[in-house]
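>>> Generate coordinates for the sequence data below:
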Amino acid sequence: MARSILVPHDGSANAQAAFQYALETFPNSRLILFHAIDPFEVTPADEQLPPLTDEWLADQQSRADRLFEDAQATLEDEGDTTMTLEIETETGVGSPAQVILAAVDESGADQIVIGNRGQGGAAGARMGSTAELVVKRSDVPVTVVR
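Okay, here's the model as predicted:
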């Protein structure tokens, strides 16, 4: 039976390294590239949370689609031959750690491969808060990639 690997991706270099690691380490597995859409994320340009409308969600989904395309294009640009593997993409809306864990249950993933810190990670931290919560709460094995 082929393994099923969930790889959360937020566009960070560490998430891309986790994606690369999963492709190289589990070449015959079902690979699910996952992005958590966080409705509570406030960027420095935002003064407050954006209104959670259908338009906002469609915009966030479009951003996730571009993130998935960019992640895969980066590997193709580097000449990665493992890209012949079909990669599934999924998104979830909510607190990143919670939707990552829910996605594992919904997809039937056997393992998670996650970057140690994401976009908002504090410099010098060994592991970001999302990766730490996923490691602590996951019912499946978790590989943390730096």
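>>> which other helices and strands contact the lowest-mean-pLDDT helix or strand in the chain?
Least confident helix or strand of the chain, by mean pLDDT, DSSP states H and E, is helix 54-77 with a mean of 92. Secondary-structure packing of helix 54-77 (3 or more Cβ pairs under 8 Å, 6 or more residues apart in numbering; DSSP states H and E): helix 13-25, strand 30-37, strand 87-93. Just so you know, the C-beta spots here come from the backbone N, C-alpha and C atoms, and that holds for glycine as well.
>>> and of these, who's closest to residue 66?
strand 30-37 (10.2 Å; Cβ to Cβ).
>>> dump the residue contacts of residue 99.
36-37, 92-93 (Cβ atoms under 8 Å, 6 or more residues apart in numbering).
>>> Between those residues, which sits nearest residue 132?
Lowest distance from residue 132 to those (Cβ to Cβ) belongs to residue 36, with 14.8 Å.
>>> Neighbours of residue 5, how many?
25 (other Cβ atoms under 10 Å).
>>> Same question for it, what's its three-state structure.
Following DSSP: H, G, I helix; E, B strand; the rest coil, we place residue 5 in the strand state.
>>> Show the low-confidence segments of the chain, by residue range.
For the chain, the stretches flagged by pLDDT under 70 are 1-2, 43-46, 77-85, 119-125.
>>> Centroid-wise, who is the farthest residue in it?
No residue in the chain has its C-alpha farther from the mean C-alpha position than residue 47, which lies at 26.0 Å (Cα atoms, centre = their mean).
>>> on that earlier part again, with distance to residue 3 added, can I get the contacts of residue 99 in a markdown table?
What follows is the contacts of residue 99, written out as a markdown table (distance: Cβ to Cβ, whole Å):
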| residue | distance to residue 3 |
| --- | --- |
| 36 | 22 |
| 37 | 26 |
| 92 | 21 |
| 93 | 26 |
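>>> quick one: which of those has the most company?
Neighbour counts for these (other Cβ under 10 Å) peak at residue 36, which has 24 neighbours.
>>> and the closest residue to it other than its chain neighbours, what does it touch?
Distance criterion Cβ to Cβ, 6 or more residues apart in numbering; nearest residue to residue 36, sequence neighbours excluded, is residue 96 at 3.8 Å. Residue 96 is in contact with 8, 10, 36, 38, 118, 130, counting by Cβ under 8 Å, 6+ apart.
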